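Enquirer: From the sequence below, what's the structure:
(2 chains)
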Amino acid sequence: MLAVLASTILLTTEYRSPRLDPVRTTLSFFVDPLKYLVDLPTVLVGQAAESVSSYRTLKKENGRLREEQLIDQTRLLKFEALEKENIRLRALLENSFKLGEQVLVAELLSINTAPYEHIVVVNKGTRFGVHPQQPVLDANGVVGQVFRALPFTSEIMLITDPNHAIPVQVNRNGLLTIAVGSGQLNRLVLPYLPGNADIRPGDLLITSGLGGTFPQGYPVAVVDEFTSQPNKAFATITATPKALLDRNRELMIVWSKTKPVPLISKPVENDPEAKAHAVE
Amino acid sequence: MQLNSYTGFFRIIMTLVVAMCLRIVPWPGAIAAFNPDWVLLALIYWSLAVPENVGIFHAWTFGLLTDVLTGRLLGQYALAYSLVIYICLKLHKRLRQFPIIQQGLFIFFCLLLSQLLLFFIKNLQHPAQLHASFWLPVFTGTLCWPLIYTLLRFVRLSRRL
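Expert: Residues are numbered from 1 along each chain as shown, chains lettered A, B, ... in the order given. Okay, the predicted model is just below:
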């Protein structure tokens, strides 16, 4: 009976306040090693496969990666100039602009905590400065957000979880809406658009930056179906996430700078290059 | 058989730790939904076999650890496990006499009770939309009971202490 009482108290306290976080953190010291232990076979198999793979495969992969890097670098060449231009233009519009993000690469632990929820565990936790509600990306798009951070691991809720919603924007025309998880790994639902909304299959959805959790401008999903039913207020729209939610092992946890870049006067002063020019 | 020695208790803890590992092993694809609640099964076995060593306190502690392990609200599994183990402890003398099929039926109700409690708590937090596969572990758990029973019996009797 004492146990029942204790668990009930625990349940209600944790539901209402974050006061029990230290308890969870302490207990996680006992439990987190198990997560790494279960993950160990996968890591070992991966390493074994890597060490066995032939010289030729490695060379081929190396060449491919080098090519990719070259392409990416050339793409990035113009990026900086564009970014500066964007800041200037936004300053003209008297609009603040958030930029500058720091990322941390985290690796997925292959464990399964609850089969019907889309929550994954990664191997970076509060010891690396991870905190709840941080956005998580992979190379192709948004993956989800940090749901709970423990010292050695953290739990990440994927964008396809039924309890997850992400504010998005249609890249083509800036139409704002919300994408909700469907519970299927390859599908998002956009339930809040009317039947006459300007959205087509093939449209890219990017994060809109509203809500403050996700930084603006990251690709989220591609619309793949749009059906408007005359007898219903909202259209049925589904989209496929860009991120490879079930295939990637490496994820990136993002710190976005919360302070917006101020209007035009200040960045010019702070810019070392501008100063150098002024001295000349 | 008495398991008062330190090693005997260590053995129980080890089986429970293995059960916790099994709980989070990533089964491929569709099998994941069938993964039974190994920790509860192990706890039930030990509470039936050595009720003087494994009690509600152990159930509660391991429930709490399972909560942290699976990222649930703290106390959820603790509550479910301690209630189930309470029933098991009350009935252990009778249950030991039962043939394995009859035991299986009892285990089925134990697992169902625990899952119902979890569902109830989940529903209190927010209206839960759950797939029917939420109940699958109850069935697989019952089917796994003979396996667990023989395995843990082997662990218990393998080296008499």
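Enquirer: going forward, measure contacts and count neighbours with C-alpha atoms only.
Expert: OK.
Enquirer: before we move on, which element is the spatially most central residue of chain B in?
Expert: Nearest to the mean C-alpha position of chain B, counting by C-alpha atoms, centre = their mean, stands B:Leu40 at 0.9 Å. According to DSSP states H and E, B:Leu40 maps onto helix B:38-49.
Enquirer: and that helix, anywhere near chain A?
Expert: No - applying C-alpha under 8 Å from any C-alpha of the partner chain, one finds helix B:38-49 separated from chain A by no less than 12.8 Å.
Enquirer: Backbone dihedrals for A:Pro151, both of them.
Expert: Main-chain dihedrals, A:Pro151, degrees, to the nearest 10: phi -60, psi -40.
Enquirer: what separates it from chain B, distance-wise?
Expert: Applying C-alpha to the nearest C-alpha, to the nearest Å, the value for A:Pro151 to chain B is 12 Å.
Enquirer: Touching, that residue and A:Arg127? I think so.
Expert: Yes - at 5.4 Å, A:Pro151 and A:Arg127 qualify as touching, with contact defined as C-alpha atoms under 8 Å.
Enquirer: rewinding a little: ok now do the residue nearest to the centre of chain B, which residues does it touch?
Expert: Contact analysis of B:Leu40 by C-alpha atoms under 8 Å, 6 or more residues apart in numbering or on different chains lists B:81, B:111.
Enquirer: again, only this time at 7 Å
Expert: Shown in contact with B:Leu40 (C-alpha atoms under 7 Å, 6 or more residues apart in numbering or on different chains): B:Tyr81.
Enquirer: got it, and the one 3 residues further on?
Expert: Residues in contact with B:Leu43, defined by C-alpha under 7 Å, 6+ apart, are B:Ala59.
Enquirer: how about 8 Å then?
Expert: B:16, B:54, B:59, B:85.
Enquirer: How many neighbouring residues does the second one have?
Expert: For B:Val54, the tally of surrounding residues (other C-alpha atoms under 10 Å in any protein chain shown) stands at 21.
Enquirer: Now it: which helix or strand?
Expert: Using DSSP H and E, no helix or strand contains B:Val54.
Enquirer: If you count neighbours, what's buried in the lowest-mean-pLDDT helix or strand in chain B?
Expert: In chain B, the helix or strand scored least confidently by mean pLDDT, DSSP states H and E is helix B:6-24, which has a mean of 83. In terms of neighbour count (16 or more other C-alpha atoms under 10 Å in any protein chain shown), helix B:6-24 has its buried residues at B:8, B:12-13, B:15-17, B:19-24.
Enquirer: For the chain, which segments are assigned as helices?
Expert: No chain in the question, so chain A it is. Per DSSP state H, chain A carries helices over the ranges A:2-16, A:21-52, A:55-92, A:265-270, A:272-279.
Enquirer: I was after chain B.
Expert: B:6-24, B:38-49, B:56-70, B:76-97, B:100-125, B:136-157.
Enquirer: Save those helices as TSV, and put in distance to A:Val43 too.
Expert: As requested, the helices of chain B are exported to TSV (distance: least, C-alpha to C-alpha, whole Å):
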stretch	distance to A:Val43
helix B:6-24	16
helix B:38-49	24
helix B:56-70	20
helix B:76-97	30
helix B:100-125	32
helix B:136-157	28
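Enquirer: Quick check: which of those helices is nearest to A:Leu176?
Expert: Evaluated with C-alpha to C-alpha, the helices of chain B place helix B:100-125 nearest to A:Leu176, the distance being 29.7 Å.
Enquirer: Show me what that closest one is packed up against.
Expert: Packed against helix B:100-125, as judged by 3 or more C-alpha pairs under 8 Å, 6 or more residues apart in numbering or on different chains; DSSP states H and E, are the following elements: helix B:76-97, helix B:136-157.
Enquirer: now that helix against helix B:76-97, angle please.
Expert: Interaxial angle, helix B:100-125 versus helix B:76-97 (axes from the mean of the first three to the mean of the last three C-alpha atoms, to 10 degrees): 160 degrees.
Enquirer: Now helix B:100-125: buried residues?
Expert: Result for helix B:100-125 [16+ other C-alpha under 10 Å]: buried residues B:103-104, B:106-108, B:110-115, B:117-119, B:121-122.
Enquirer: In the stretch 51-200 of chain A, where is pLDDT below threshold?
Expert: For the stretch 51-200 of chain A, the stretches flagged by pLDDT under 70 are A:94-101, A:113, A:115.
Enquirer: Those residues of the stretch 151-280 of chain A touching chain B, which are they?
Expert: A:Glu155.
Enquirer: just to revisit the earlier point, what's the pLDDT at the residue nearest to the centre of chain B?
Expert: Per-residue confidence for B:Leu40 comes out at a pLDDT of 90.
Enquirer: For chain B, what lies in contact range of chain A?
Expert: B:20-21, B:23-27, B:32-33, B:56-57, B:60, B:65, B:68-71, B:73-76, B:78-79, B:82-83, B:125, B:130-131, B:133-134.
Enquirer: From the residues you listed, keep the buried residues only.
Expert: Buried among these by 16+ other C-alpha under 10 Å: B:20-21, B:23-27, B:32-33, B:56-57, B:60, B:65, B:68-71, B:73-76, B:78-79, B:82-83.
Enquirer: all strands of the stretch 101-250 of chain A, in order?
Expert: A:101-109, A:119-122, A:135-137, A:142-149, A:154-158, A:165-170, A:176-181, A:188-189, A:204-207, A:219-227, A:236-241, A:250-256 (DSSP state E, counting those that start in this stretch).
Enquirer: Kindly reformat those as JSON lines and extend each row with mean neighbour count.
Expert: Shown next, in JSON lines, are these (neighbours: other C-alpha atoms under 10 Å in any protein chain shown):
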{"stretch": "strand A:101-109", "mean neighbour count": "16"}
{"stretch": "strand A:119-122", "mean neighbour count": "23"}
{"stretch": "strand A:135-137", "mean neighbour count": "24"}
{"stretch": "strand A:142-149", "mean neighbour count": "25"}
{"stretch": "strand A:154-158", "mean neighbour count": "25"}
{"stretch": "strand A:165-170", "mean neighbour count": "23"}
{"stretch": "strand A:176-181", "mean neighbour count": "22"}
{"stretch": "strand A:188-189", "mean neighbour count": "26"}
{"stretch": "strand A:204-207", "mean neighbour count": "26"}
{"stretch": "strand A:219-227", "mean neighbour count": "20"}
{"stretch": "strand A:236-241", "mean neighbour count": "22"}
{"stretch": "strand A:250-256", "mean neighbour count": "20"}
